[in-house]
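1. Predicted structure and sequence below. I'll ask about it afterward.
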Amino acid sequence: MLHGPSQYRRCRGIGSLVGAVIIAVILLAIIGFFIAIMDLINSYTETVMQLTGERATTSLLAGGVTGYWLEIGSNLYIHLESRHPETILVTSLTVVWDDTSYTIVDRNNGSLAALDISATLTSPTGSTTTVDNFPIPLGPGYTLDITLNGYAAGRDAVTVSLTLSASPVVAVIPLKNYYDIYPNVTQFTANVNTITSLYAELNATSLDWTQTWLGTLTAYHQQQGIGIIDADKVYVFGEVVSGTYKSLSNADKDLYVVEGIQTIVVDNFTLSQNNLIYAIDFEGSDPFAGGEWSTRGGTWIWRDDIGYGGTAGIGQIDNNAVGGIADGYEVIAFPTINTIPNKPFYMMVHVYAETGFDDLVLYESNTGYAYCYTLDADGNDIEIWRYYGRWGRLGVINNEITAYTWYTSLAYYDPNTGYMKFTVIDEAKNVWVLEVTDDTIFPDSFAVGTYEGTAIFDNLIVSLANPRFLNITVLLDGVSVGSGWIVELYDGNGNLIASNTTNADGIAVLDVTWRPIIHGAYLLIYDNNGVLVDRVDASFYLGTDKMYGGNAYTVNLVTGYRTRVTVSSVVPAGLQLLSVGAKYTILANVSGTLRLYFYNWTSDVWQPVGIYSVGAGDYIDVRKSYPVNSGIMNTANNTVSLRIVFETTSGPSSISIDMENAIYEYLVTSTFQALLVAVGGSSRIDLYSFTANGVIYEYSLNAYTMFDGSAAIAYDIYHNVVLLVNTTGVYAAKLKPDANFTLVATACSSLGRGVEVEAINTTNNSYLVVLRGGDSDEYCIVDLSTNTTIVAGSLSAYLNENIVLNVTYVYPASAHSEDQAEAYFLVYSLDRNTPIIINTSASSVGSWSIYTSKVPGGHSLGLTWTPSGLQLLLERGSLYLVNQWNTTRIPGLLDFIPWGPGDRLEYYNATHLLFVRADATREVWLIGIG
């Protein structure tokens with residue numbers, strides 16, 4: 001059978017199908033191959049990226065951690081610092097030694113202390129933490145110090161490495177030897193004793209900008225003496241004591257046994273009616289700053305000199321003030337705790353009416369509705385206003401007051417009837433009274449305020465009784481003394497506040513309109529014959545030295561016994577006196593009241609020392625001193641007069657007086673080795689002397705300038721004065737407890753932080769060298785004999801080198817030779833990009849030279865002179881010997897870590913340096929140098 005074309009076509013289709021299948025299989029194989037290849041490439045890429053990332057992280061980790069190792073005797077010291085942005089772990093330590101041995105320490109070793117290894121972490125703020133095992137967390141800015149005690153005995157380290165972990169990366173960091181990092185520093189081979197010991201304690205110092213000076217100086221010191229009794233001026237009840245009082249021959253002490261005479265004395269003094277609601281005279285402190293007072297609107301100030309009579313007060317100083325109550329223009333100041341009673345009361349204040357409306361205000365705290373008792377300083381009127389959605393004037397007295405004048409504003413308000421009375425009094429005692437009635441609003445708070453005006457307010461008092469008056473009732477043996485007795489009220493400065501006679505009920509009404517709050521209050525009571533009966537001190541009987549207008553008080557007098565002894569003594573002439581006083585020891589055989597007095601020769605009054613309650617058989621020891629210029633001593637003859645008054649109601653009494661009489665403090669001078677410490681962050685300069693027992697605090701001076709890096713001190717041994725340089729100029733003061741700094745030169749001053757000063761001298765003159773700081777290169781020199789600036793200029797220009805005193809590059813550090821003929825200063829050379837030390841001398845004042853450029857670091861915490869050369873102490877405790885030819889590191893591990901620009905180094909003697917650690921501690925250390 002013959003096959004046609006269709007058969008042929010069918011066979012060709014089968015072949016094509018088979019070929020397609022084969023091709024598909026081949027393509028699938030190829031695709032599978034490429035998929036496998038792509039998977040391998042992707043996997044490889046991820047691996048490479050991971051390795052690259054880890055390598056980068058490892059590089060970052062290694063680059064962010066620096067350190068070194070150093071052998072000190074038989075110990076190996078390791079120092080590590082982290083600048084890595086995250087906390088990392090120090091997981092192990094490996095040391096290979098030159099004897100082929102090795103030391104590996106990690107978490108498997110447990111306690112480091114058990115291995116005689118110590119490790120300390122120091123935070124960026126300087127706080128330290130002892131760690132005792134690996135791993136050790138090392139945060140950003142932290143340092144780690146590890147000491148392997150005794151491990152280097154008889155061998156040397158070859159390599160030191162630490163393993164660091166910052167998951168998932170682990171890096172091994174090899175450390176360099178210290179001398180590989182500082183190749184210009186040579187190993188010191190001399191016999192140097194680097195043991196440090198705690199030497200003494202200072203008053204607290206400061207981390208930044210503490211200044212010191214150490215050397216031999218002349219200073220004044222306080223001493224005490226005892227006055228000699230003048231036997232002709234010893235009185236009992238005004239009668240001269242006869243020679244039968246044999247103890248008068250004793251210059252130090254007197255013994256009197258005397259009997260009191262019958263008289264009238266105070267039994268007690270009471271507050272019989274307390275009407276006070278609130279009172280403040282604004283003395284002592286700012287009530288706004290302390291939160292005692294608040295404001296609504298306005299610009300309110302407190303000052304201690306703007307009140308009535310130049311005392312403290314508050315003021316509103318903005319004529320256009322808003323933000324207050326009512327329509328917003330009534331700006332007020334008020335006590336934060338503020339309530340008024342639901343019965344009639346008074347409110348009184350002293351007002352200096354300047355401009356606008358100056359008010360006593362009663363208001364509703366939730367609505368701002370108000371009554372205002374107003375002095376209209378612009379219109380010269382006395383007014384009462386009401387705000388109840390809008391302002392309405394309830395009453396007025398026209399054209400009676402004057403602007404810029406003090407007035408007493410006295411408001412009366414009866415909440416039950418709405419009756420209001422406004423009384424205004426001027427200093428000439430003119431009185432105006434305005435009365436209205438309105439019960440529209442119901443105030444619950446009080447305030448002082450202004451409306452489009454300014455004013456000053458003082459002595460605010462709120463009371464249930466009229467605070468213009470203070471009532472004193474006088475009783476004798478429980479019965480009214482009747483009329484004719486005199487009561488005088490004084491303040492603590494001896495100023496007579498008010499006086500009046502008693503009425504038929506024995507009540508003296510005292511007008512205290514202009515002094516309703518009396519500090520240090522006391523009364524003098526005179527009988528109806530004008531004879532002084534007794535003195536009544538509020539503080540002794542009331543528990544407070546204040547008395548208030550509106551209150552009522554009662555004096556209870558009784559028949560009793562009084563003893564009064566007056567003694568005068570003489571202080572030696574020719575002394576530099578600081579203070580004069582007395583010491584008493586008194587013993588009484590009965591209970592009573594003891595008053596002590598000094599005679600004030602300036603004021604011609606007996607000035608009270610104190611008042612004390614004495615029990616039978618009790619010893620009372622009292623010591624009191626006053627400045628010599630306070631009037632306690634008669635400067636014409638150096639006489640001091642003392643008085644003792646003892647009162648009792650228990651019957652005739654005897655008192656024994658064991659008295660050192662007048663005591664006085666005076667100044668003497670001495671020359672000794674001393675340390676001056678100008679405490680950073682304060683205005684205090686402390687003086688210390690050196691004895692066999694250590695550093696002894698003597699006293700402090702107030703420099704009245706802040707030691708913040710822009711002020712510095714020096715001492716002029718030629719003129720025996722301490723020198724202070726600040727942004728105003730040069731000041732000088734003798735070293736004594738009450739020293740006052742005097743401005744001696746204005747042309748030479750500090751320009752800001754980084755100022756450095758040294759006093760240098762020849763055999764016949766002295767000079768102050770000032771590097772002025774403040775990012776400048778300026779200097780000036782003052783001739784201290786004439787207090788004139790003789791040289792001023794640019795260090796860069798003189799040295800032909802670009803010099804800067806910027807504290808970013810170099811901490812201020814200076815030194816002087818032992819004889820103070822040479823001065824040395826650490827500065828920064830921008831040309832060399834390194835610190836250098838420059839010097840000048842008193843023999844060629846104004847001439848400068850570069851002493852050395854071989855300075856290892858700019859952050860010096862102390863520069864001082866020694867016979868072997870300059871000693872330089874850097875941050876973290878590296879100590880160097882620096883001379884003109886090389887820089888030598890002194891090996892040794894200090895027991896402290898110097899930290900900031902307030903740490904100071906001074907030359908103590910040929911074998912020791914003195915280090916002041918100024919990190920808010922009190923430490924002084926001696927560093928052995930030979």
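-> Received the coordinates, thanks. Numbers count the residues shown, from 1 in each chain.

2. Kindly state the domain boundaries assigned to the protein.
-> Per automatic domain parsing, the structural domains of the chain span 63-181, 197-210+679-928, 225-263+560-664, 276-463, 467-550.

3. Quick one: mean pLDDT over the first one.
-> If I follow you right, that is domain 63-181. On average, the pLDDT along domain 63-181 is 84.

4. With respect to residue 269, which of the domains of the chain lies nearest?
-> domain 467-550 (3.8 Å; Cβ to Cβ). Every residue, glycine included, has its C-beta placed from N, CA and C.

5. Would you mind listing the residues in contact with residue 762?
-> 821, 842, 843 (Cβ atoms under 8 Å, 6 or more residues apart in numbering).

6. By neighbours, which of these wins?
-> residue 842 (23 neighbours; other Cβ atoms under 10 Å).

7. where does the protein have its least confident helix or strand?
-> strand 185-187 (a mean of 35; mean pLDDT, DSSP states H and E).

8. Mind telling me what element residue 609 is part of?
-> Element membership for residue 609 (DSSP states H and E) is strand 605-614.

9. one step back: export the domains of the chain to a markdown table and tack on distance to residue 673?
-> As requested, these are arranged in a markdown table below (distance: least, Cβ to Cβ, whole Å):
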| stretch | distance to residue 673 |
| --- | --- |
| domain 63-181 | 30 |
| domain 197-210+679-928 | 5 |
| domain 225-263+560-664 | 23 |
| domain 276-463 | 43 |
| domain 467-550 | 46 |
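
10. Quick one: neighbours of the nearest residue to residue 638 once chain neighbours are set aside, just the number.
-> Spatial nearest neighbour of residue 638, excluding adjacent residues (Cβ to Cβ, 6 or more residues apart in numbering): residue 571 at 4.5 Å. As a burial measure, residue 571 scores 23 neighbours (other Cβ under 10 Å).

11. Also residue 511?
-> 16.

12. next one: residue 819
-> Per other Cβ under 10 Å, the neighbour tally for residue 819 reads 13.

13. Check residue 269 too.
-> Residue 269: 20 neighbours (other Cβ under 10 Å).

14. and the helix or strand containing it, which residues are buried?
-> Per DSSP H and E: residue 269 is located in strand 261-273. Neighbour counts over strand 261-273 (16 or more other Cβ atoms under 10 Å) mark 264, 265, 266, 267, 269, 271 as buried.

15. Kindly provide the distance from residue 117 to residue 142.
-> From residue 117 across to residue 142, the span is 18 Å (Cβ to Cβ, to the nearest Å).

16. and what of residue 594?
-> For residue 594, the distance to residue 142 - Cβ to Cβ - is 64 Å.

17. what do you get for residue 169?
-> 19 Å.

18. Likewise for residue 277?
-> 60 Å.

19. With residue 342 instead?
-> To residue 142, residue 342 is 65 Å away according to Cβ to Cβ.

20. One more: residue 706?
-> 31 Å.

21. One more: residue 904?
-> 26 Å.

22. With neighbour numbers in mind, choose between these two.
-> For residue 904 versus residue 142, neighbours defined as other Cβ under 10 Å are more numerous around residue 904 (28 against 20).

23. what bridges to the more buried one?
-> Beta-bridge pairing for residue 904 (DSSP bridges): residue 916.

24. which residues sit in contact with residue 750?
-> 710, 711, 712, 725, 726, 727, 770, 772, 773, 774.

25. buried subset of these?
-> Counted by 16+ other Cβ under 10 Å, those give 710, 711, 712, 725, 726, 770, 772, 773, 774 as buried.

26. need the helices for the stretch 1-150 of the chain, in chain order.
-> With DSSP state H, counting those that start in this stretch as the criterion, the stretch 1-150 of the chain has helices at 5-63.

27. With the stretch 751-900 of the chain instead?
-> Going by DSSP H, counting those that start in this stretch, the stretch 751-900 of the chain shows helices at 795-799.

28. Show me the shaky parts of it.
-> Applying pLDDT under 70 to the stretch 751-900 of the chain flags the ranges 857-860, 875-877, 891-900.

29. And the strands in it?
-> 756-761, 766-771, 778-783, 788-794, 803-804, 813-816, 822-829, 834-841, 849-852, 860-866, 869-874, 879-882, 887-889 (DSSP state E, counting those that start in this stretch).

30. Partner strands of the last one, with direction?
-> In this case it means strand 887-889. strand 185-187 (parallel), strand 879-882 (antiparallel).

31. Strands along the stretch 101-250 of the chain, start to end?
-> Going by DSSP E, counting those that start in this stretch, the stretch 101-250 of the chain shows strands at 102-106, 117-122, 128-131, 136-138, 143-148, 157-166, 169-177, 185-187, 196-201, 211-226, 228-236, 239-240.

32. Equivalent analysis for the stretch 551-700 of the chain, please.
-> Counting by DSSP E, counting those that start in this stretch, the strands of the stretch 551-700 of the chain are 552-570, 576-588, 592-600, 605-614, 619-627, 633-634, 639-648, 654-678, 684-691, 694-702.

33. For the residue nearest in space to the middle of the chain, which non-adjacent residue is spatially closest?
-> By Cα atoms, centre = their mean, the chain has its centre lying nearest to residue 682, at 6.6 Å. Nearest-residue entry for residue 682: residue 707, 6.4 Å, with adjacent residues in sequence omitted and distances by Cβ to Cβ, 6+ apart.

34. what's the one you found in contact with, if anything?
-> Here residue 707 is in contact with 206, 209, 210, 211, 678, 679, 680, 681, 682, 683 (Cβ under 8 Å, 6+ apart).

35. and if we set it to 6 Å?
-> By Cβ atoms under 6 Å, 6 or more residues apart in numbering, the residues touching residue 707 are 209, 678, 680.

36. which of those residues has the most neighbours?
-> residue 678 (27 neighbours).

37. and that one, what are its bridge partners?
-> Beta-bridge partners of residue 678, as defined by DSSP bridges: residue 211, residue 685.

38. try residue 879
-> Bridge pairing for residue 879 - DSSP bridges - gives residue 873.

39. My read is that it contacts residue 889, right?
-> No. Using Cβ atoms under 6 Å as the test, residue 879 is too far from residue 889 to be in contact (7.3 Å).

40. For residue 330, which non-adjacent residue is closest in space?
-> Nearest one to residue 330, counting by Cβ to Cβ, 6+ apart, is residue 324 at 4.6 Å.

41. burial of that neighbour, as a residue count?
-> 25.

42. what's the answer for residue 67, then?
-> Neighbour tally, residue 67, other Cβ under 10 Å: 20.

43. Compare the strands of the stretch 551-700 of the chain and give me the one nearest residue 760.
-> strand 654-678 (16.8 Å).
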